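A.B. asks: after the sequence you'll find the predicted model.
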Amino acid sequence: MCKFIRVMRNSSVLSPLFSSTTQGVLGATVLRPEREWYLSDLAAHLGVGPSSLQRTLAKLTQAGILNRRGSGNRVYYRSDPNCPIFNELVAMFEKADLIR
C-alpha cells in the first residue's frame, strides 16, 4: 500500500525551534523512516531547490539525525532510527501536525 506523504506546512509550534527548511526535511524523514530520499526528490517534495537543502542535510547528518548513503553519483538520505532523539522528533512532528 502506497502512502501519500503530505508536505507539512510550517508549524507555529515548531517555528521557534526549527527553520522552515529543517521542519520540511525532518517532517519528511522522521515521519517516514523507511523512506530513502534522493536530494532532488526531497527538494521537489518540499517545493524548494536542491541547493537550498544541502546545508540542512549536512547539519542533520553530522548531528546523527539522518543517515547519508552514496550510490554511484547519487546521494540518499533517511532518518536514523538509532538517533537518541529519534522518538522525540517523531512525537514532536506528529503532535505539531495535529495542532495545525
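C.D. replies: Noted; the coordinates are in hand.

A.B. asks: contacts, neighbours, all on C-alpha from now
C.D. replies: OK.

A.B. asks: report the distance from stretch 44-54 to the chain centre.
C.D. replies: Centroid displacement of stretch 44-54 relative to its chain, using CA atoms, centre = their mean, to the nearest Å, is 11 Å.

A.B. asks: how about that stretch as PDB, C-alpha atoms only?
C.D. replies: C-alpha atoms of stretch 44-54 as PDB (Å, rounded to 0.1, in the frame of the first residue of the first chain):
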ATOM      1  CA  ALA A  44      10.700  18.500  -5.300                       C
ATOM      2  CA  HIS A  45       8.600  17.200  -2.400                       C
ATOM      3  CA  LEU A  46       9.300  20.300  -0.400                       C
ATOM      4  CA  GLY A  47       8.900  22.700  -3.300                       C
ATOM      5  CA  VAL A  48      12.500  24.100  -3.000                       C
ATOM      6  CA  GLY A  49      15.700  23.900  -5.000                       C
ATOM      7  CA  PRO A  50      18.100  21.100  -4.100                       C
ATOM      8  CA  SER A  51      20.900  23.600  -3.300                       C
ATOM      9  CA  SER A  52      18.700  25.100  -0.500                       C
ATOM     10  CA  LEU A  53      18.700  21.700   1.300                       C
ATOM     11  CA  GLN A  54      22.400  20.900   1.200                       C
END
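
A.B. asks: wasn't Val90 part of a strand?
C.D. replies: No - counting by DSSP: H, G, I helix; E, B strand; the rest coil, Val90 falls outside a strand, being helix.

A.B. asks: that one: neighbouring residues, count only.
C.D. replies: Using other CA atoms under 10 Å, Val90 is surrounded by 19 other residues.

A.B. asks: same question for Ala58.
C.D. replies: A count of nearby residues for Ala58, using other CA under 10 Å, gives 14.

A.B. asks: name the helix or strand for it, please.
C.D. replies: Using DSSP states H and E, the element containing Ala58 is helix 54-62.

A.B. asks: pull out the buried positions in that helix.
C.D. replies: For helix 54-62, burial by neighbour count (16 or more other CA atoms under 10 Å) applies to Thr56, Leu57, Leu60, Thr61.

A.B. asks: pull the most distant pair out of those residues.
C.D. replies: Farthest pair in these (CA to CA) is Thr56 and Thr61. Separation: 8.5 Å.
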